[in-house]
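**Student:** here is a sequence with its predicted model. Questions after.
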Amino acid sequence: MYIYNEKESINNLLKYYQYNYAASGILFICCILITFYSDKNYFKGLLSLLIVSWVTWFGHYALHKYPNTPMAKFHKLTHHSEFGKTFWGKFLEYTINEIWTFGGGILWLVVLLLKKITGVYWLNPWVIMWWTISVPLVHEVYYHQTTKPNIHDIHHKYQLTSLHPDIWDIILKTKKDKTPIEDETSIAMVMLVWCIIYLFIMKLLKKRF
Ligand SMILES: [Zn+2]
Ligand SMILES: [Zn+2]
């Protein structure tokens, strides 16, 4: 297990990729597959993945950095409270907050709006939506249901740290010092299985419209 050390920026990144080259490769392949079955613009597809993953970090960071905004209060109520552990807490958090804010739904809406205005998809909306649904999926299934203890517990203790994904916490220095660097392999596997289902959904939707 590699431990994050906030004084060693470059070393942390190297350690992250030593640990996670396979997981990163899986996400890369998922992104290439979705792009292949949509517009085949691979640069745009990968750029979409990069930006939407950052939106996840930034959106979650903003919710905790500015706790007095309505959405931040909503996240606090539906996730960082006793109510957050109930079915309805989870339901509201995932369908209203997570999908539309830091999951990336907001970026998806911006991309669709820009398409209406400019006639061009500036990013790949299929890649964004695959990631967006992955966020609550990984959050609930992996971090809250199956793997204990895990680095997401750190976020529930120290709310301005471990905002995820781990790579952005490392680059943007919001990772709690001396905590383990995440092994993303299982998460990547969850996202791969979801990607395969997603490709079938894409095919079905394309037939219909
Ligand atoms: Zn959580
Ligand atoms: Zn949070």
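**Tutor:** Now that the structure is in, tell me what you want to look at. Ligands and ions are numbered 1, 2, ... in the order given.

**Student:** quick one: mean pLDDT for stretch 132-147?
**Tutor:** Mean per-residue pLDDT for stretch 132-147: 92.

**Student:** what residues does that stretch touch?
**Tutor:** 52, 56, 90, 93-94, 98-99, 102-105, 108, 150, 152, 164, 186-187, 190-191, 194, 198 (C-beta atoms under 8 Å, 6 or more residues apart in numbering). Every C-beta, even on glycine, is put in place using the N, C-alpha and C of the backbone.

**Student:** just the buried ones from those?
**Tutor:** Buried by 16 or more other C-beta atoms under 10 Å: 52, 56, 90, 93-94, 98-99, 102-105, 108, 150, 152, 164, 187, 190-191, 194, 198, out of the contacts of stretch 132-147.

**Student:** go through the helix ranked longest in the chain and flag the buried ones.
**Tutor:** Longest helix in the chain, counting residues (DSSP state H): helix 9-36. Neighbour-count burial for helix 9-36 flags 12, 15-16, 19-20, 23, 26-27, 30-35 (criterion: 16+ other C-beta under 10 Å).

**Student:** could you do stretch 65-81 as well?
**Tutor:** Those would be Met71, Ala72, Phe74, His75, Lys76, Thr78, His79, His80, for stretch 65-81 by 16+ other C-beta under 10 Å.

**Student:** after the longest helix of the chain comes which helix or strand?
**Tutor:** helix 42-65 (DSSP states H and E).

**Student:** next up, phi/psi of Lys7, please.
**Tutor:** phi -80, psi -10 (degrees, to the nearest 10).

**Student:** now do it, the pLDDT please.
**Tutor:** Looking at Lys7, the pLDDT reads 92.

**Student:** how many neighbours does it have?
**Tutor:** 7 (other C-beta atoms under 10 Å).

**Student:** ok, it to Met1 distance?
**Tutor:** 19 Å (C-beta to C-beta, to the nearest Å).

**Student:** who's in contact with the nearest residue in space to Cys30 that is not next to it in sequence?
**Tutor:** Of all residues not flanking Cys30 in the chain, Cys195 sits nearest, at 4.1 Å (C-beta to C-beta, 6 or more residues apart in numbering). Contacts for Cys195 (C-beta under 8 Å, 6+ apart) come out as Cys30, Leu33, Ile34, Trp130.

**Student:** from Lys206, how far out is the second one?
**Tutor:** When distances are taken as C-beta to C-beta, Leu33 and Lys206 turn out to be 15 Å apart.

**Student:** do the same with the first one
**Tutor:** From Cys30 over to Lys206 the distance is 18 Å, taken as C-beta to C-beta.

**Student:** try the last one
**Tutor:** When C-beta to C-beta is applied, the distance between Trp130 and Lys206 equals 15 Å.
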